[in-house]
Every structure is written in C-alpha cells, then in structure tokens.
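Participant: got a predicted structure plus its sequence, pasted below:
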Amino acid sequence: MRNVQIIKGYKKKYMKRSIFFIFFMLVFLCQKSHAEDWKNPYSLFDARQLISDNVSIKWIRVSDIRATCEAESRKRGLGGFGYSMEACSFWGTGKDGKSFCDVFTRVKTTLHDIGHEMRHCFQGSFH
C-alpha cells in the first residue's frame, strides 16, 4: 500500500511540473506571435536581427507560384513546401562568399508579398 502512495505522489509532483511547463510555453508562444505578426503588413518587427545587410536580390516573376516554389525547394534540397503560398524566397551565401537571395512572386503580386519575401533575404527564417 505504501508503494502505491509513493507512486501517486510521484505522478502528482511531475504532473504539476508538466502543467506549469505547458502553460509557460503557451504564454511565451502567444506573446511572440502577437509581438511579430508576420501576416500583418503594419506590424513592427526588430530590424537589428539580420543574417546580412548586404544581399544581392534577384526577383523572379512566375505564372504558377505554387509549382515554381515546390520545384525550387526540391532543387535546393529543402524537400518542398507541401502547401500553397503567395510567394517564396531562397537565400544563402555563394561560392564567392557574398549573400544572395532569389525571390519568387506571381506576375501580379502585392507590395506585402514582395516585402515579406525580401525580409527573408535579410533576416532568414523569421516565422
């Protein structure tokens, strides 16, 4: 009987810790998503966190954005997206050591789409 009480006390102790950890993570994630709402074109973000401030950007306009982004992702060894998107970008450092970024948008696009993708060029994967 004593062993059963010890096990119940053990489970209760760790259950409280688990609930606290989950609650803390939910609060943290909610605050982060509200602080930088990347879907809102008017949301402010911290522009000090850059992967580079000198990037050569190429803007490629395509008629089928989903197929193009999927193909580019697979070509670059990233495995594809598996979902629909309005635009995409791929960034890195060339053999010459200089930063580059390829931005893909639809032929008819929005300022938000191009701006969002250009932000990836300077800040990498921010969302």
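Facilitator: Alright, I've got the coordinates.

Participant: now do the helices in the chain.
Facilitator: Applying DSSP state H to the chain gives helices spanning 2-35, 65-75, 111-123.

Participant: in this structure, which helix or strand is least confident?
Facilitator: Scoring the helices and strands of the chain by mean pLDDT, DSSP states H and E places helix 2-35 at the bottom, with a mean of 50.

Participant: burial measure for Cys101, as a count.
Facilitator: 21 (other Cβ atoms under 10 Å). For glycine as for every other residue, the C-beta is placed from the backbone atoms N, C-alpha and C.

Participant: oh, that last question was meant for Lys39, not what I typed.
Facilitator: 9.

Participant: which residues touch stretch 71-87?
Facilitator: For stretch 71-87, contacts defined as Cβ atoms under 8 Å, 6 or more residues apart in numbering pick out 65-66, 69-70, 88, 90, 102-106, 109-110, 113-114, 116-117.

Participant: equivalent analysis for stretch 101-118, please.
Facilitator: 38, 41, 55-63, 65, 68-69, 72, 86-92, 120-121.

Participant: confirm for me that Trp38 is in contact with His120.
Facilitator: No: applying Cβ atoms under 8 Å, one finds Trp38 not in contact with His120, separated by 10.0 Å.

Participant: quick check: neighbours shared by the two?
Facilitator: Common contacts of Trp38 and His120 (Cβ under 8 Å, 6+ apart): Phe126.

Participant: which of the two has more neighbours?
Facilitator: Legend: neighbour count by other Cβ under 10 Å for Trp38 and His120, higher for His120 (20 against 13).

Participant: understood, closing this out.
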